[in-house]
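Q: attaching a predicted model along with its sequence, questions to come.
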Amino acid sequence: MEVLLVGLTLALKAIMEETELITRAVDGDLDAFNQLVLQHQEVAYNVAYRIMADENAASDATQEAVISMYRKLDTYRGGSFKSWFLRIVTNACYDELRRQRRRPTIPIEPETNEGELVESPEWLEDKSAGPEEVLGTSEIEQAIQHCLTGLEQKFRVVITLVDISGEDYETVAQIIGTPIGTVKSRLARARLKMQQCLQGFRELLPDQFRHITEENDELAS
Amino acid sequence: MNWQADISEKDMTLLCEYLDDALSITDRAKFEKRLQQSPGLKEALEDMIALKHSMRSLPCKPVPHQFTLTHNEAKKARRGRFLLPTFGWASVVSMILLAVIFGSEFIFANFSAPQTVSEPTAMALQSEAAPESTLRESDSASDQPVYLLNWVSVGGKGGGGSGGAAYGMGGGMAGTYAQDPMMVEPAEPEGIMMVEPTPTEEILAPTPTPAPPAEDKITVEPLIFGVHEDQLGQVITIEPDENPEPMVAAVQEVIEPAKGPLISTNVKLILVGLAGAFGLIWLLLKFRR
C-alpha cells in the first residue's frame, strides 16, 4: 500500500513537472522546451528508427520533428505531450519517406583520370553493419526489423507504436489520427503479416514459432 | 495446425484485443470460453504472445545525438512561422474569390437571361413606344379616329423585369385584339395619349392584310384588361406617368441584355496573379523548410 502511494505521488509529481515545463516552453522558455525534448527523445527516435529502418533517416526525422514541435508549441492544446510529440514524429517520418520516394538516392561512383570507375572508395564503404557489429546484434532483431520494413507503412506505424513503444490503442489512435477501430484492424493485420513473414526465419525464432512451423511442414508433406 | 488460414479477421482482431487487455470483462470471459473450445485459436494466441514478446524485447536504440535546440536554431525555427500559413491562406482566399466571380458570371450568363422576345412582339413594343414624330403626325391627322392605348411603360411600376414587359405587352394586345379599341372624342382630357391607329395589325401579322375601312368600325366590344364592365366608357385616369420612361430604350434593354462582365477583366487578372504569387511563395517557403 505504501509502495503504491509512493508510486502515485511520484507519478503525480512527474505530471506536474511536465505541465510546468510545457507552460514555460509555450511562453518561450527554450530551456524548458529542451528538457521536454530530453525526456522523450529516446522514444521518439526509436519509433522513427523502426518506421524508417535507417539510423540517419530516423535522426533527420526526429530532428525535423523537434523543430516542427517548437514552431507549433502555441497550438498545443493539452493532453499527453508524449502522444503529441510522437504524432509529430510519425508525420515527419511520413514526410521523409515521401521525400525518399520522390528523390531516390543514386550512388555516384567516382572515376579515375582514365575514365575508369573506382571500385571501392573510402567514402563509399558501408559503415552501418560490419560483420563484428552483426555478430553483436541479435539475429532475431534483424529478422523482426526485416519483416517490419516489409510491411505497408500504415501497418508498420501501428505495430511499432503498440508492440515496440507500448502505447495503448487510444493513444495510437490519437497519434495517427484515426478511429480506434482502424487501429485494431490494422494491428491485427500487421501482426498476422509479421507472423507469416517470421516463418521464414524459423531457425531464429523462439521455440514456440519453431514448433508450429515444423507442424505446418509435416501437414504440408 | 495452420491457424493462419482458418482464423477470420474478426477473430484476429479479438485475439489482439485479448492480448493487449483491451476487451471488456464480459467480452473477455466470452473469448476465454471460445479459446478453450478452439485449439486453433489457442495456437494463434500462443504465436501472438511470442511475437509480442519478441517485439517488446527489441533493444532500445541509443540516440545518436541530443535533439535539443540551440538559441540560434530556435530563433531560425520561429522566424518564418507566420509566413507559411499567411501565404497559404492568402492564396486560398484569392482562389475562392476567383471561383466566386467566375461562378456568379457563369450563373448570370446561363440562368438569368431575360425572356426571349419574339421579333414581331418586339417590333410591336417598339411601335407602341411611338416616337415623338409619330405623335406629331397624329396631331395633324385629327380627322382620323383616335384610339386609347395604355401608357404603361415597359418594365412598368410594380412589374419589374420581364413581368413588366409582359404587362406592357398585355396592354398593347388588348387594343389589338379588340381590333377597334375604345374610341374617344378627339378633345379628351389632357394626359391621355392619343395616337392614330398604329400599324399594329401589320406588325403582329407579318403578312400584309388590308386595314379595315374606317366606316366598318365598332363591331367588337372594347376590351381593356382590369376594367369592370360597368366602368367602360368612363374616364379611368387622366394623369399619365409623371416621368414616363423612354420606352424605346426600355425595349432595347429587354431585347439586348447588358453584355458587360460583372467584374472587370483587370480585377480578375490581378486576382489570378495574386493567387499564383501567394501560392508560389507558399510552396517556396514549404520546400525551404
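A: That came in fine, so what should we check first?
Q: use CA for all of it now, contacts and neighbours both
A: Noted.
Q: is the longest helix anywhere in chain A positioned near chain B?
A: If you go by DSSP state H, chain A has its longest helix at helix A:2-26. No: counting by C-alpha under 8 Å from any C-alpha of the partner chain, chain B has no neighbours in helix A:2-26; the shortest distance is 11.7 Å.
Q: quick check: buried residues in that helix?
A: A:Glu18, A:Thr19, A:Leu21, A:Ile22, A:Thr23, A:Ala25, A:Val26 (16 or more other C-alpha atoms under 10 Å in any protein chain shown).
Q: after that helix, which helix or strand is next?
A: Counting by DSSP states H and E, the element after helix A:2-26 in chain order, helix or strand, is helix A:30-52.
Q: that following helix: what's the following helix or strand?
A: Downstream of helix A:30-52 (by DSSP H and E), the next one is helix A:55-71.
Q: that next one near chain B at all?
A: Yes: Helix A:55-71 is in contact with chain B by C-alpha under 8 Å from any C-alpha, via A:Ser59, A:Thr62, A:Gln63, A:Val66, A:Ile67, A:Ser68, A:Tyr70, A:Arg71.
Q: compare those residues and tell me which has the most neighbours.
A: When neighbours are taken as other C-alpha atoms under 10 Å in any protein chain shown, the top entry among the residues of helix A:55-71 next to chain B is A:Thr62 (29 neighbours).
Q: any residues of chain A in contact with chain B? List them.
A: Applying C-alpha under 8 Å from any C-alpha, we find that chain A lies next to chain B at A:30, A:34, A:37-38, A:41-42, A:45-46, A:59, A:62-63, A:66-68, A:70-71, A:140-141, A:144, A:163-166, A:184-185, A:187-189, A:191-192, A:195, A:206, A:208-209, A:212, A:215-216, A:219.
Q: how about a cut-off of 6 Å?
A: Neighbours of chain B within chain A, by C-alpha under 6 Å from any C-alpha of the partner chain: A:Asn34, A:Gln63, A:Arg71, A:Asp163, A:Ile164, A:Ser185, A:Ala188.
Q: quick one, what contacts B:Thr13?
A: Applying C-alpha atoms under 6 Å, 6 or more residues apart in numbering or on different chains to B:Thr13 gives the contacts A:Ser185, A:Ala188.
Q: identify each buried residue in whichever strand or helix holds B:Arg34, please.
A: Assigned by DSSP H and E, B:Arg34 belongs to helix B:25-37. The neighbour-count check on helix B:25-37 (16+ other C-alpha under 10 Å) flags B:Arg28, B:Phe31, B:Leu35 as buried.
Q: redo those as CSV? Include pLDDT.
A: CSV is the format used below for these (pLDDT from 0 to 100):
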residue, pLDDT
B:Arg28, 92
B:Phe31, 91
B:Leu35, 88
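Q: now for chain A, the helix or strand with the poorest mean pLDDT.
A: Ranked by mean pLDDT, DSSP states H and E, the helix or strand of chain A with the weakest confidence is helix A:131-136, at a mean of 48.
Q: ok, and the most crowded of the residues of chain A next to chain B?
A: Greatest neighbour count in these, by other C-alpha under 10 Å, goes to A:Ala188: 25 neighbours.
Q: against which helices or strands is the longest helix of chain A packed?
A: Packing partners of helix A:2-26 (3 or more C-alpha pairs under 6 Å, 6 or more residues apart in numbering or on different chains; DSSP states H and E): helix A:30-52.
Q: dump the helix it packs on to CSV, restricted to CA.
A: In CSV, the C-alpha atoms belonging to helix A:30-52 read as follows (Å, rounded to 0.1, in the frame of the first residue of the first chain):
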residue,chain,number,x,y,z
LEU,A,30,13.9,27.3,-24.6
ASP,A,31,15.5,25.5,-21.7
ALA,A,32,12.1,24.2,-20.6
PHE,A,33,11.5,23.0,-24.2
ASN,A,34,14.8,21.3,-24.3
GLN,A,35,14.1,19.5,-21.1
LEU,A,36,10.9,18.2,-22.6
VAL,A,37,12.8,17.0,-25.6
LEU,A,38,15.4,15.2,-23.5
GLN,A,39,12.6,13.4,-21.6
HIS,A,40,11.0,12.0,-24.8
GLN,A,41,13.8,11.9,-27.4
GLU,A,42,14.7,8.3,-26.9
VAL,A,43,11.1,7.0,-27.5
ALA,A,44,10.7,9.4,-30.5
TYR,A,45,14.0,8.3,-32.1
ASN,A,46,13.2,4.6,-31.6
VAL,A,47,9.8,5.0,-33.2
ALA,A,48,11.4,6.9,-36.1
TYR,A,49,14.1,4.2,-36.4
ARG,A,50,11.6,1.4,-36.6
ILE,A,51,9.5,3.2,-39.1
MET,A,52,12.4,4.4,-41.3
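Q: now for it, which elements pack on it?
A: If you count contacts as 3+ C-alpha pairs under 6 Å, 6+ apart, helix A:30-52 packs onto helix A:2-26, helix A:55-71.
Q: show residues contacting the last one.
A: For helix A:55-71, the external contacting residues (C-alpha under 6 Å, 6+ apart) are A:Tyr45, A:Ala48, A:Tyr49, A:Met52, A:Ile88, A:Val89, A:Ala92, A:Cys93, B:Phe67, B:Arg78.
Q: I am finished for the moment; much appreciated.
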